[in-house]
Structures are given as C-alpha cells and as structure tokens.
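Student: structural data only, the sequence is not supplied:
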C-alpha cells in the first residue's frame, strides 16, 4: 500500500513537472516568436527603404524589451516570485526560440531575397583593401575566407551560435534585474509542541515556601 502511495505521488510530481515545462516552453515560444517577427519586419524595412544599416542595432532593444515583458508575464502569472536561476532559464529559452527563427530568416534573406548583397559587399571590401595597397595574396586570402563565411550553412551556424552567446551574456544582466526572490520562510513551531516553562520568580518562590512551611511559634 505504501509502495502504491509513493508511486502515485511520484507520478503526480513527474506529470506536474512536465506540464509546467510544457507551459514554460509555450510561453517562451510566444514571446520569442513575437520578437523575431518584429525584428524581421524591422530589418526588411531597413533593406527595402535603403536606410543606414546601423539601424539594425535597434533590434537588440526590441529583443530585450520582449525578453523583459515575457519573463515578467511568466513571473506574475505564477506565484509572483522568480529566483535568478528560474529567471535566467526562462530568458534563455525565449532567446533560443528567437535565435532559431532568426537563423532561418538569415538563410532565407541571403539566399532568396538578396542573393547578390553578399557579393556586392565582397567587391566593396576588395576595393578598400586594394586602395590600402595590401598585397594581392593577402587580399585573395581574405576574400576566400569571406566567401566561405557567406555560405548558407555557415551563416546558419554563426547566426545561431553567435546569437546564443550574445544573449547568454545579456540574460545574466536581465535575470539579475527581473528576478524577484520569495520572502524568507518564517518559523512556526508545531501545534503539539509544549510551551517553554517559565522560570519561577523570586517573590513567588518565597511565598510558596512560606505556605508550605508556616512559621513555628
């Protein structure tokens, strides 16, 4: 009977853990997807309107905003408290979803939307190195490395790994800001615990001794 009870409790805790993990992933996926859509729209507008590429750095602010809002929503819909570790875990899960979508977008953009953009940049960089008077061997070696980095597989790996490294550092700061530790637990003695005995006072002890030992006449 005891074995059945222990097994039932273990199954309930395991099921509850996987349910919470699924809920956490769904919540992180929503905000990670939303942030990636916002950044894709931003980068597409910058490309189509031929705006300065430095505006792409705005995407970091967009992603950080979604990270903070997402982890705050997750914290508030629960107990209202979230430790540093739990906050960092949720931020990293949301960042992973974002980086996966951005990896797909980077490959699609460089392959189908702007396939000649990378080659144009290579020609510009070659012209700059030639103007500096660099040796032809150095220029050819730099161009070969750049062409290798422009391959779709390499772009995907660099986008995913590089993005996770960047947000792993960012999330350390965000987790320290967004965490909310629960208050320290207060100690309550058990209900059947005896009250501590009070030491007898001097006056009560003397009065009791006088009653027990009346003065002799």
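Tutor: Perfect, I can see it now. Note that the structure is a prediction, hence the values are computed from the model and not measured. Residues are numbered from 1 along each chain as shown.
Student: which ones are touching residue 79?
Tutor: Residue 79 makes contact with residue 182 under the criterion CB atoms under 8 Å, 6 or more residues apart in numbering. Where C-beta positions appear, they are placed from N, C-alpha and C, glycine not excepted.
Student: check for me that it belongs to a helix.
Tutor: No. Under the criterion used here (DSSP: H, G, I helix; E, B strand; the rest coil), residue 79 is coil, not part of a helix.
Student: for it, give me phi and psi.
Tutor: The phi/psi pair for residue 79 (degrees, to the nearest 10) reads phi -80, psi -10.
Student: quick one: it from residue 92, how far?
Tutor: Plainly put, residue 79 is 21 Å away from residue 92 if you go by CB to CB, to the nearest Å.
Student: same check on residue 23?
Tutor: Distance check for residue 23 against residue 92: by CB to CB, it reads 17 Å.
Student: if I look at the residue nearest the centre of the chain, how far off is residue 155?
Tutor: By CA atoms, centre = their mean, the chain has its centre lying nearest to residue 91, at 1.5 Å. According to CB to CB, residue 91 stands 25 Å off from residue 155.
Student: in three-state terms, how would the nearest residue to residue 52 once chain neighbours are set aside be classified?
Tutor: Using CB to CB, 6 or more residues apart in numbering and skipping the chain neighbours, the partner closest in space to residue 52 is residue 46 (7.9 Å). Of the three states, residue 46 takes helix according to three-state DSSP.
Student: residue 46 reaches residue 59, doesn't it?
Tutor: No. Residue 46 is not in contact with residue 59 according to CB atoms under 8 Å; the separation is 9.4 Å.
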